[in-house]
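In: next come a sequence and a model predicted from it.
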Amino acid sequence: MENQKNISNNKKDFSDKKNNKILELENQVAYGLWIQSIGNIIELTGLSGLLKIEDDSNTIGEQNILTGVWIKTIGQILEAISFSSQIRETDKIKLLEEQKIAIAGDLLVSLGSAIDVIGGLQVLEEETGKISRLVP
């Protein structure tokens, strides 16, 4: 009888440790997503400032770079918010909705990156021999 209690307690201890580790790792992922969001905001602010200052910044390529970064930033923030909301969510329907939002955020990040790349290629094409400072 005592042996069964010990086995049950050991299983519970293991389960508690595992759940705590999962929560710790989920929080680590959330922090990483927020750090990426902050980095995107910093990049967006810098690129916007450069476009305002530069005389020849009205090229299609540079505008596409900025548009791509905007889209990436919005997607990254959506993903960070929705992932953070998922961590302690117990309602299955709400959890699925948050997962859908995170996936939409990932899609926006990918789309923004593609537009950013297209803009970078356009800048290289527009700038004959001169590399723009906006190509990330």
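Out: Perfect, thanks for sending it. Numbers count the residues shown, from 1 in each chain.
In: can you give the distance from the helix or strand hosting I101 to the centre of its chain?
Out: Using DSSP states H and E, the element containing I101 is helix 92-126. Computed by C-alpha atoms, centre = their mean, to the nearest Å, the chain-centroid distance of helix 92-126 equals 9 Å.
In: heads up, I number from 36, so please use that
Out: Sure thing, new numbering starts at 36, so read that last one as helix 127-161.
In: just want the angle from the one helix or strand in the chain whose mean pLDDT sits lowest to helix 127-161.
Out: Ranked by mean pLDDT, DSSP states H and E, the helix or strand of the chain with the weakest confidence is helix 37-88, at a mean of 86. Here helix 37-88 points in a direction 30 degrees away from that of helix 127-161 (axes from the mean of the first three to the mean of the last three C-alpha atoms, to 10 degrees).
In: spit out the contact partners of the closest residue to E114 other than its chain neighbours.
Out: Leaving aside its chain neighbours, E114 sits nearest to G140 (3.2 Å; criterion: C-beta to C-beta, 6 or more residues apart in numbering). (C-beta placed from N, C-alpha, C; glycine too.) G140 sits next to 110-115, 117 when contact means C-beta atoms under 8 Å, 6 or more residues apart in numbering.
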